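[1] sharing a sequence plus its predicted fold:
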Amino acid sequence: MPFSILAGTDLSAAHTSYNMNYRLCDYNPNTAAPGSSNGCGAHTDYGTFSSIFQDGTPGLELEETPGTWVLVPGDATVVLTGWCAVILSGSRVSAAKHRVCRSPGVRRLSAVLFVAPDLDVKLKPLGDSQPIRSFSETIMRGDLDVETFKDVMGKRWRYREGNEEMDNADSLSQDNEIENMVWG
């Protein structure tokens, strides 16, 4: 079933410039902090969807219900929806919270294709129907574009990877900050 049908509206008009990123994630035990089992903390991706191709090594987990994590088979290819899909669909689809846990001494590789709307697209529900869940006024007015949203999400990603410093006030969960931006 095409994703636009699931989303309840045609998303193709928001995806004309091929705003994609392909990334190889190497969870190498030699680069992990000593004693860390965190390969990538719990988060939700910013874009429309992400396709994850795993090397057969388990570690990817999906949050089924708040606080309940389900291990994805290591050889599964997974498609996860992100925040842009939630907004553009009028909350007809949900964003998939996920994380990667390390196994001591085990290297894990995954290749991820991130697909997002064009950077200049205003993030608000597409189509004529009312959103299933109310968004913030910022979202409903279309005051936020994909590029700005990506910048906010990127700051959190760089923090989780250890590439950006934040003070304690900024170290709140990425999803909490984004949820406040999206839902109000």
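    Noted; the coordinates are in hand. Quick caveat, the model's predicted, so the values are computed rather than measured.

[2] and the residue most central in space within the chain, what's its pLDDT?
    The structure's the chain has its C-alpha centroid closest to D45; by CA atoms, centre = their mean the separation is 0.7 Å. Looking at D45, its pLDDT reads 92.

[3] where does this protein have its least confident helix or strand?
    Ranked by mean pLDDT, DSSP states H and E, the weakest helix or strand in the chain is helix 3-7, scoring a mean of 66.

[4] strand partners (parallel or antiparallel) of whichever helix or strand comes after that one?
    Using DSSP states H and E, the helix or strand that follows helix 3-7 in sequence is strand 19-27. Here strand 19-27 is paired, per DSSP bridges, with strand 108-116 (antiparallel).

[5] buried set for the helix or strand that the partner strand is followed by?
    Sequence-wise, the next helix or strand downstream of strand 108-116 (DSSP H and E) is helix 137-141. Using 16 or more other CB atoms under 10 Å as the test for burial, helix 137-141 gives I139. Quick note: C-beta positions are derived from backbone N, CA and C, even for glycine.

[6] ditto for stretch 12-32
    A14, H15, N19, C25, Y27.

[7] format these as JSON lines; extra columns: distance to K124 and pLDDT.
    Output for these, formatted as JSON lines (distance: CB to CB, whole Å; pLDDT from 0 to 100):
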{"residue": "A14", "distance to K124": "10", "pLDDT": "93"}
{"residue": "H15", "distance to K124": "15", "pLDDT": "93"}
{"residue": "N19", "distance to K124": "17", "pLDDT": "95"}
{"residue": "C25", "distance to K124": "31", "pLDDT": "91"}
{"residue": "Y27", "distance to K124": "36", "pLDDT": "88"}
